[in-house]
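*Asks:* sequence first, then the predicted structure, then my questions.
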Amino acid sequence: RLRGDSYDPTVALPRMYRVRQNFSGARLADIPGGVRQALRDASLPIRRGDTVAVGAGSRGIANIDVVVRATVDELKAQGARPFVFPAMGSHGGATAEGQLRVLAYYGITEASRGCEVRPSRDVVQVGEALAMPVWLDRIAAEADWIGLVNRVKPHTDFKGSIELGLF
């Protein structure tokens, strides 16, 4: 029983059930192999020498460093010239240097990924959505291709049709 003025003992509570949700414990044992296979299965039309901007964010992806490295390695095996760019909006204090620190915290550096990490806070408008401008990192926009290592989830502070990241 609740104490205080808000409790009314004449109001019947709805029937309640205890529910327990169990998620599958299946894990990908060979993450690099899974990434290689997924990229090969995608049959991307990347040509030898094409530049590929690989966006790495700060959205709580388990093993993001391994996924980014495997992505870079497979793109190189296909003859591409990949580089990593921070894809994280205002994280890292919204500065290129701060975003490099965020990536380094996740184990994503030029030395560990085997390619350049190109931070920039310069953006270009690439379109509109709901009458609002859509902005893209300028360095990524100049690449032949863009690929994102991303997790799509609602933002913790915004609620709307368009939030952050991939909408």
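*Replies:* Thanks, I have the structure now. Residues are numbered from 1 along each chain as shown.
*Asks:* skip the chain neighbours and tell me the closest residue to the spatially most central residue of the chain.
*Replies:* The C-alpha lying nearest the average C-alpha coordinate of the chain belongs to residue 150 (CA atoms, centre = their mean; 2.2 Å). Nearest residue to residue 150 in three dimensions, chain neighbours excluded: residue 57, at 5.7 Å (CB to CB, 6 or more residues apart in numbering). The C-beta positions use only the backbone N, C-alpha and C, and glycine is treated the same way.
*Asks:* tell me the mean pLDDT for the top helix by length along the chain?
*Replies:* Of all the segments of type helix in the chain, defined by DSSP state H, the longest one is helix 64-77. Across helix 64-77, the average pLDDT comes to 94.
*Asks:* next helix or strand past the helix or strand of the chain with the lowest mean pLDDT?
*Replies:* The weakest-scoring helix or strand in the chain, judged by mean pLDDT, DSSP states H and E, is helix 110-113 (a mean of 79). Using DSSP states H and E, the helix or strand that directly follows helix 110-113 along the chain is strand 123-129.
*Asks:* so where do the helices sit in this protein?
*Replies:* 31-41, 64-77, 96-105, 110-113, 138-141.
*Asks:* out of the ones you listed, which comes closest to residue 12?
*Replies:* For those, proximity to residue 12 was assessed by CB to CB; helix 64-77 is nearest, at 49.3 Å.
*Asks:* in that closest one, what counts as buried?
*Replies:* For helix 64-77, burial by neighbour count (16 or more other CB atoms under 10 Å) applies to 64, 65, 67, 68, 69, 70, 71, 72, 73, 74, 75.
*Asks:* neighbours around the residue nearest to residue 125 when sequence neighbours are not counted, how many?
*Replies:* Nearest residue to residue 125, sequence neighbours excluded (CB to CB, 6+ apart): residue 133, at 4.9 Å. Neighbourhood size, residue 133 [other CB atoms under 10 Å]: 10.
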